[in-house]
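Enquirer: Give me a model of this one.
(one chain, ligands or ions: 1)
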Amino acid sequence: MGRSETRIAGKEGCMTSADLKTGIVPATTEALAGELARLLSPAAVVRVREPLAKRTTLRVGGPADVYAEPGGEADLRVMVRFAAERRLPLLVLGRGSNLLVRDGGWRGLVVSLAHPCFCAIELTEEGGRLRCGGGARLKAVANFAKQHSLGGLEFLEGIPGSLGGALRMNAGAMGSSIFDRVISVRFMDLAGVTGESAPGQLGVGYRHCPGLRDRIVLDAVLQGAPAPREEIEERMNQYNRKRWSTQPAAPSAGCMFKNPAGIPAGRLIEELGLKGTRIGGARISLEHGNFIVNEGGATARDVCRLIELIRERARAERGVELETEVEMVGSDE
Ligand SMILES: Cc1cc2nc3c(=O)[nH]c(=O)nc-3n(C[C@H](O)[C@H](O)[C@H](O)COP(=O)(O)OP(=O)(O)OC[C@H]3O[C@@H](n4cnc5c(N)ncnc54)[C@H](O)[C@@H]3O)c2cc1C
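Expert: As a prediction, the model looks like this:
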């Protein structure tokens, strides 16, 4: 939603986003956050002007007007309805490993399923299946599966996201994608209504899942494949070695672009001679052309300018239209 359309109805009345720039907003944002907090359980967290840079792996971007962690599904329902009634733009934040938050931050409500009640992982009664919370870390899912001698999920270990973010992105690595292993996904829609779908109902594609665009993943059932624990461990080690020999360690958001037809984006960027190019504190990684790293002090604007540079060169020199895999969210100022 554009800034000019944003309307926040706080205790002091209804304000336009033009008002937000004038300094009336701090009191209004606080009042709004207070109003939300009073509707929630004591387990919920509500913060005003929460910096998002520290909540994303790229470490850039401005604050969220209001940031909230529900303490359970009832709180989450209150939050989505609160946002809908007040027409507050809502962003669901996982572990922020596929997000580029612009320097102005998020005008509206950011919701994170960081509370432990959304991060549980357990075996289901059907053999070989796990039910995992939307906020669970992928690393924890892979390790839990390994502990129970369930293979097929090893590729998740090195992806620094949450289950919800991974399903939204249909994350994948080492020749597998998460939806290869999904039996069902339970979600809440933006009206606060819960539902459950099989993958076939969600329109899953390469690095996207349109059926989850306006839904919040509560949990999902994944299918493991029984295997000896040592075998699973060895596969994880092998994947780790492969990952860390090709991927930079500096802060990034992973692969910046989806692979276009015919050539991996990283190779294309390398062939364009762009590896190592720097703008401000951001640089196209020398290790992997499809990673933009924050070398310290980068702004979202630095990263966006590098993205534009790459896209222009790919278009002009190779006729390739690169599409970002990383989601760019928030406002510029
Ligand atoms: C070093 C590094 C390596 C990476 N390697 C890989 C890789 O090998 N393969 C790969 O596919 N990706 C990779 N990524 C990208 C990223 O880790 C994945 O896309 C990951 O699944 C994103 O999860 P997240 O929780 O961080 O989501 P976020 O970045 O927080 O959010 C991404 C999207 O998911 C939505 N979302 C988050 N939680 C939920 C929820 N509960 N319900 C509904 N929507 C939600 C957000 O609104 C947003 O639209 C890498 C990133 C880094 C930094």
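
Enquirer: which SS state does V46 fall under?
Expert: Following DSSP: H, G, I helix; E, B strand; the rest coil, the label given to V46 is strand.

Enquirer: beta partners for it?
Expert: Per DSSP bridges, the residues bridged to V46 are A68.

Enquirer: State the distance from it to W106.
Expert: Counting by C-beta to C-beta, to the nearest Å, the gap from V46 to W106 is 15 Å. (Each C-beta comes from the backbone N, C-alpha and C, glycine too.)

Enquirer: and these two? which has more neighbours close in?
Expert: W106 (25 against 22; other C-beta atoms under 10 Å).

Enquirer: what separates R243 from C255, distance-wise?
Expert: 12 Å.

Enquirer: Please say which of those two ends up with more neighbours.
Expert: C255 (21 against 15).

Enquirer: Verify the contact between that one and E323 for me.
Expert: No. The pair C255 / E323 is not scored as a contact, 11.4 Å apart, by C-beta atoms under 8 Å.

Enquirer: Can you tell me the closest non-neighbouring residue to F257?
Expert: A265 (4.0 Å; C-beta to C-beta, 6 or more residues apart in numbering).

Enquirer: which residues does that neighbour contact?
Expert: For A265, the contacting residues are C255, M256, F257, K258, N259, G289, N290, L322, by C-beta atoms under 8 Å, 6 or more residues apart in numbering.

Enquirer: Any figure for the gap between it and G273?
Expert: From A265 over to G273 (counting by C-beta to C-beta), the distance is 15 Å.

Enquirer: same check, this time on A171
Expert: Distance, A171 to G273, using C-beta to C-beta: 30 Å.

Enquirer: And the two? Which one has more around it.
Expert: Using other C-beta under 10 Å as the criterion, A171 and G273 rank with A171 on top: 24 against 11.

Enquirer: Surely the more buried one is in contact with D180?
Expert: No. If you go by C-beta under 8 Å, A171 and D180 don't touch, sitting 11.1 Å apart.

Enquirer: residues in contact with R207?
Expert: R207 sits in contact with M169, N170, A171, G172, K258, E325, where contact means C-beta under 8 Å, 6+ apart.

Enquirer: Nearest to L32 among these?
Expert: Nearest to L32 among these is M169, at 29.9 Å by C-beta to C-beta.

Enquirer: these two touch, right, that closest one and C209?
Expert: Yes. Between M169 and C209 there is a contact under C-beta under 8 Å: 7.3 Å.

Enquirer: Sort out which of the contacts of R207 are buried, if you could.
Expert: By neighbour count, with 16 or more other C-beta atoms under 10 Å, these hold M169, N170, A171, G172, E325 as buried.
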